[in-house]
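[1] Predicted model and sequence follow; I will ask about them next.
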Number of protein chains: 2
Amino acid sequence: MTEFGFIETIRTLCADLPLGGFEGIGDDCAVLPLGNGESLVFTTDLLTEGVHFLRGATSPEELGGKALAVNLSDVAAMGARPVATLLSLSLPADATDDWAARFMQGYHALSARCGAALVGGDTTRSQTGITINVTAIGRAKDAHLKRRSAARPGDILLVTDPLGASGAGLRDILAGNFGTPLAALHRNPLPQVEEGLWLGMRPEVHAMMDLSDGLASDVRRIMEQSGVGTAIELTQIPVAEGSDLRTAACGGEDYKLLLTAAPEAAERLATDFRKRFGRTLYPIGRVEAGNGLRWLDRGTETQLDWQGFTHY
Amino acid sequence: MTEFGFIETIRTLCADLPLGGFEGIGDDCAVLPLGNGESLVFTTDLLTEGVHFLRGATSPEELGGKALAVNLSDVAAMGARPVATLLSLSLPADATDDWAARFMQGYHALSARCGAALVGGDTTRSQTGITINVTAIGRAKDAHLKRRSAARPGDILLVTDPLGASGAGLRDILAGNFGTPLAALHRNPLPQVEEGLWLGMRPEVHAMMDLSDGLASDVRRIMEQSGVGTAIELTQIPVAEGSDLRTAACGGEDYKLLLTAAPEAAERLATDFRKRFGRTLYPIGRVEAGNGLRWLDRGTETQLDWQGFTHY
């Protein structure tokens, strides 16, 4: 069973449970409207040794930061502000006190940078490897929440930064080259919290999500949830320095934002984004009617069987 | 470093982080007041193979129920109603699709029984053993929330059921006797959600928490948070059938409730509890000034070095 197959099994099994005031599943975070014009959002991610990281290829500080970053990125992708996290940490005997303290230094540094409290958790021994689970809680005005389901045919598809650095860094790591700049980028993702909040306040931004599994996978989530197709112009995908087009489209863990915006307002949005952040907001394609993903090479459709990223 | 030592390290390190509207740490759950007379509460627990369970000694359904139960018990201990959970599941290749589906059956059955939604999660491969993390969210009126810090000298100390069944069941399991009734009780804890809600609404109940690490440990958490001592009468500790006094006092994972109540109202509370639930609310001692835990044998202090439970 694939991850998505199992998630579908869970969804079917649990369809008869009450929602407890929550909206249905399908976004980067679960949404709980508070009834006062605000909502809380919730997300959880588990990282386990040998699947999401290799202990010898990352410092404890980096891992502490990354375990938090992947969750805060989900909060940011909703247009919400991170409020607090809960941290579960399962450590084998060979992860020393020093390792644990350094892990927490990394977790604390990113918490402080993003203004997130640490309000609870669980620490336990492990008989096997290191496992980390983080649950993040965010808050947003209802009007600022962005969902995967809000893309409309005609929208411009945009990304907040060049892609593929993390995927190229992972390739370096798997080849044993832990010290390259790209490998460091892979280990030290920065969630785009301020960018997410700013984009959340813009009504011309329709759908939004974070790029964690790779553009080729993630864009399909927006398509499924919105009931639309997309056309992506390969020459417009911004490729991070040292990476390549295919890695930019298929590599995971960039933790940049993917969004759709009303066509008449997309140019102004990019101009204002540059004013605010000093960086480009890259248009890479269009939302279309239908349900297909079309890759275009200078406007001509090209057949590519590109898929996103599966954790090593 | 012990678990409590590490938690203290984390607390010191993170003291400079904003609280994000949350109350401080120290209870079964983290508390977020919503400002409308209600609060949300949050708790998280991680279970990992070989530490919290042995795969061969539990059915997947039982494990699914237990992973949820230990979290819902924390919510109940605050006097809150479980609203929703997030589930992270890390599965090695030798946990089959059938195993995963059966795990979810157990998780679903208890979710349905307690009225909790499943609103998010993460599923991932594991290179090592099975790891499960659950985050539970509860809701309560502010006036009904019970905290560990509310015990007052003179209060009666009470427990909601006989203790020690789970500890005796664990002993059976570790001896290879998986099929005994006590072993089944150890694997199938039922969170006392309705009891917690009912006790939450009683103003004469002061402090409350769930018994997860064993009475001898857990009562110390109330003492620390409330700045009080306690005296426990050994002959009044209710011992579950098939267990023994020491296991009732020191064994873990009973997931019953430990509470303190105003002395003048304790008898009436127990009478009403019996009317509502048909079961006894057991007085086992008193809250005192000071900070010591005194074990009494028919009123006479006896020196015991009893401690709670550490996970196998």
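    Cool, the structure landed. Numbers count the residues shown, from 1 in each chain, chains lettered A, B, ... in the order given.
[2] Please verify my assumption that A:Gln307 contacts A:Gly251.
    No: using CB atoms under 8 Å, A:Gln307 makes no contact with A:Gly251, being 11.1 Å away. All C-beta atoms are positioned from the backbone trio N, CA, C, and that covers glycine.
[3] which one of those two has more residues nearby?
    The neighbour comparison of A:Gln307 against A:Gly251 (other CB atoms under 10 Å in any protein chain shown) goes to A:Gly251, with 28 against 13.
[4] Within range of chain B, give me the residues from the stretch 51-200 of chain A.
    Residues of the stretch 51-200 of chain A lying near chain B by CB under 8 Å from any CB of the partner chain: A:51-52, A:83-84, A:86-90, A:97, A:100-101, A:104-105, A:108, A:111-112, A:115-129, A:131, A:133, A:135, A:137.
[5] hmm, try it at 7 Å
    Selection of the stretch 51-200 of chain A residues close to chain B by CB under 7 Å from any CB of the partner chain yields A:51, A:83-84, A:86, A:88, A:90, A:97, A:100-101, A:104, A:108, A:111-112, A:115-129, A:131, A:133, A:135.
[6] of the residues you listed, buried ones?
    A:51, A:83-84, A:86, A:88, A:90, A:100-101, A:104, A:108, A:111, A:116-129, A:131, A:133, A:135 (16 or more other CB atoms under 10 Å in any protein chain shown).
[7] Give me the distance between the single nearest residue of the stretch 151-300 of chain A relative to chain B and A:Arg55.
    When you check the stretch 151-300 of chain A against chain B by CB to the nearest CB, the closest residue turns out to be A:Ser212, at 11.0 Å. According to CB to CB, to the nearest Å, A:Ser212 and A:Arg55 sit 22 Å apart.
[8] Which residue of chain A lies farthest from its centroid?
    No residue in chain A sits farther from the centre than A:Ala93, which is 31.6 Å out by CA atoms, centre = their mean.
[9] re the thing from before, which of A:Ser212 and A:Arg55 has more residues huddled nearby?
    When neighbours are counted by other CB under 10 Å, A:Ser212 and A:Arg55 differ, and A:Ser212 comes out ahead with 23 against 16.
[10] Nearest residue to the middle of chain A?
    Geometric centre of chain A, nearest residue: A:Asp210, 3.3 Å, by CA atoms, centre = their mean.
[11] that older thread, per-residue pLDDT of the residue farthest from the centre of chain A, please?
    At A:Ala93, the model reports a pLDDT of 91.
[12] And the one 5 residues further on, by the same measure?
    In this model, A:Asp98 is scored at 91, pLDDT.
[13] Report how many residues lie close to it.
    10.
[14] Dihedrals phi and psi, it?
    Per-residue torsions, A:Asp98: phi -60, psi -40 (degrees, to the nearest 10).
[15] what about the worst-scoring helix or strand of chain A on mean pLDDT, near chain B?
    Across the helices and strands of chain A, mean pLDDT, DSSP states H and E gives its lowest value to helix A:3-13, namely a mean of 83. Yes: part of helix A:3-13 sits near chain B under the criterion CB under 7 Å from any CB, namely A:Glu3, A:Phe6, A:Ile7, A:Thr9, A:Ile10, A:Leu13.
[16] what about burial for these, which qualify?
    When neighbours are counted using 16+ other CB under 10 Å, those contain these buried positions: A:Phe6, A:Thr9, A:Ile10, A:Leu13.
[17] mind listing the helices in chain A by residue range?
    Under the criterion DSSP state H, chain A contains helices at A:3-13, A:60-77, A:97-114, A:165-174, A:181-187, A:193-200, A:215-226, A:245-250, A:266-277.
[18] burial count for the closest residue to A:Trp99 other than its chain neighbours?
    The spatially closest residue to A:Trp99, leaving aside those adjacent along the chain, is A:Pro60, at 5.0 Å (CB to CB, 6 or more residues apart in numbering or on different chains). Residues lying near A:Pro60 (other CB under 10 Å) number 21.
[19] Equivalent analysis for the one 4 residues further on, please.
    When neighbours are defined as other CB under 10 Å, A:Gly64 has 27 of them.
[20] and what of the one 4 residues further on?
    Close neighbours of A:Leu68, defined as other CB under 10 Å, add up to 29.
[21] ok, for it, nearest residue in space, not its chain neighbours?
    Take A:Leu68 and drop its neighbours on the chain: the residue closest to it by CB to CB, 6+ apart is A:Leu110, 4.9 Å away.
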